[in-house]
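Peer 1: I would like to see how this sequence folds:
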Amino acid sequence: MSRLKDKVCIITGAASGMGEAEAFAFATQGAKLVIADLNIESAQQVADKIRQMGNEVLVVQVDITEKTQLENLVQTTLQHFGRIDVLLNNAGIFDKYINSLDTSEQLWDLVFNINVKSIFNLSNLVLPHMIEQKSGAIINIGSIAGLVSKMGGASYTASKHAVLGYTKHLAAEYGKFGIKINAICPGTIRTPMTAEMLKTRPTDKIPLDRFGEVNEVADLAIFLASDEAQFMSGACITIDGGFTSI
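Peer 2: Reported below is the predicted structural model:
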């Protein structure tokens, strides 16, 4: 089944971890992909593997904190594919549980520039084209840290709350143009970077008694990007094994 057949999908932070899993998952559903990442070598490796699956892939090196580079990302995508159907704002940064008194202004600004401002800038660059098309989907990767405390430090928690608020604002403002905007709020997810750390972390506070896998987040992203979710907008969906239910 090709749930995303020929849909042009930009995924930020797609060279590794959750973003890489999302890129491969989207490819299995027939998407045309734009792999946007600062790490150009890893991005090319991901793209090469996806091309072997028969998908058309564009790689764009981008520092998401630089608006001019985001402008280039959008223009390069439009020049190559002619349209943008899905924007998956996946790239983000974690602050290692640093509390407020120990958070410098520099760290606060860095976390907000990556986790929030980049979503604001890139969404605003993509929205005019989706409005013209009268269709589109924007998916923002939030976190359960945007719903509860103690799942990150001061800057990370505040930034993820901001992502969810901005998602709801976009959904309310631009739904009339046929654009659906939703957020995914993952709990603790096993990635290549977290796998070793999670070996010693207990799962007893998670009702399903395990950590999540990147493919599970990717499957949810596919649903939100597909036509199956046509009446879904403004949702902030948790995927956390039931953690936030207790």
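Peer 1: Low-confidence bits of this structure, can you list those?
Peer 2: Along the chain, the model assigns pLDDT under 70 to residues 1.
Peer 1: Could you pick out the longest helix of it?
Peer 2: Longest helix in the chain by number of residues (criterion: DSSP state H): helix 154-174.
Peer 1: and that one, what other elements does it pack with?
Peer 2: Counting contacts by 3 or more CB pairs under 8 Å, 6 or more residues apart in numbering; DSSP states H and E, helix 154-174 packs against helix 105-112, helix 118-133, strand 136-141, strand 179-186, strand 236-239. All C-beta atoms are positioned from the backbone trio N, CA, C, and that covers glycine.
Peer 1: what does that helix contact?
Peer 2: By CB atoms under 8 Å, 6 or more residues apart in numbering, the residues outside helix 154-174 that reach it are 93-95, 98-100, 103, 107-108, 110-112, 115-116, 119-120, 123, 127, 130-131, 138, 140-143, 145-147, 149, 151-152, 180-183, 185, 233-234, 236.
Peer 1: residues contacting the residue nearest the centre of the chain?
Peer 2: The C-alpha lying nearest the average C-alpha coordinate of the chain belongs to residue 90 (CA atoms, centre = their mean; 2.2 Å). Counting by CB under 8 Å, 6+ apart, residue 90 touches 11-14, 18-19, 22, 141.
Peer 1: which residues does the residue nearest to residue 126 when sequence neighbours are not counted contact?
Peer 2: The spatially closest residue to residue 126, leaving aside those adjacent along the chain, is residue 87, at 4.9 Å (CB to CB, 6 or more residues apart in numbering). Each residue near residue 87 by CB under 8 Å, 6+ apart is listed here: 9-10, 122-123, 126, 136-139.
Peer 1: Assumed residue 87 was part of a helix.
Peer 2: No. Looking at residue 87 with DSSP: H, G, I helix; E, B strand; the rest coil, it is strand, so not inside a helix.
Peer 1: For it, give its distance to residue 19.
Peer 2: According to CB to CB, to the nearest Å, residue 87 and residue 19 sit 13 Å apart.
Peer 1: So what touches whatever helix or strand residue 23 lives in?
Peer 2: Element membership for residue 23, per DSSP states H and E: helix 17-28. Under the criterion CB under 8 Å, 6+ apart, residues 4, 9, 11-14, 33, 35, 37, 46, 49-50, 53, 55, 57, 86, 88, 90-91, 141, 186, 189, 191-193, 214-215, 217-219, 221-222, 225 lie in contact with helix 17-28.
Peer 1: before we move on, what about stretch 231-243?
Peer 2: 142, 144, 146-147, 164, 167-168, 171-172, 175, 179-188, 203, 205-212, 216-217, 220, 224, 244.
Peer 1: Let's see it as PDB, backbone CA atoms only.
Peer 2: The C-alpha trace of stretch 231-243 is given here as PDB (Å, rounded to 0.1, in the frame of the first residue of the first chain):
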ATOM      1  CA  PHE A 231     -10.200  15.400   9.600                       C
ATOM      2  CA  MET A 232      -7.400  15.600  12.100                       C
ATOM      3  CA  SER A 233      -5.800  18.900  13.000                       C
ATOM      4  CA  GLY A 234      -4.700  20.600  16.100                       C
ATOM      5  CA  ALA A 235      -4.000  17.300  17.800                       C
ATOM      6  CA  CYS A 236      -1.000  16.700  20.100                       C
ATOM      7  CA  ILE A 237      -0.800  12.900  20.200                       C
ATOM      8  CA  THR A 238       1.200  11.200  22.900                       C
ATOM      9  CA  ILE A 239       3.100   8.000  22.100                       C
ATOM     10  CA  ASP A 240       4.600   7.100  25.500                       C
ATOM     11  CA  GLY A 241       3.400   3.700  26.500                       C
ATOM     12  CA  GLY A 242       0.800   5.200  28.800                       C
ATOM     13  CA  PHE A 243       3.300   7.200  30.900                       C
END
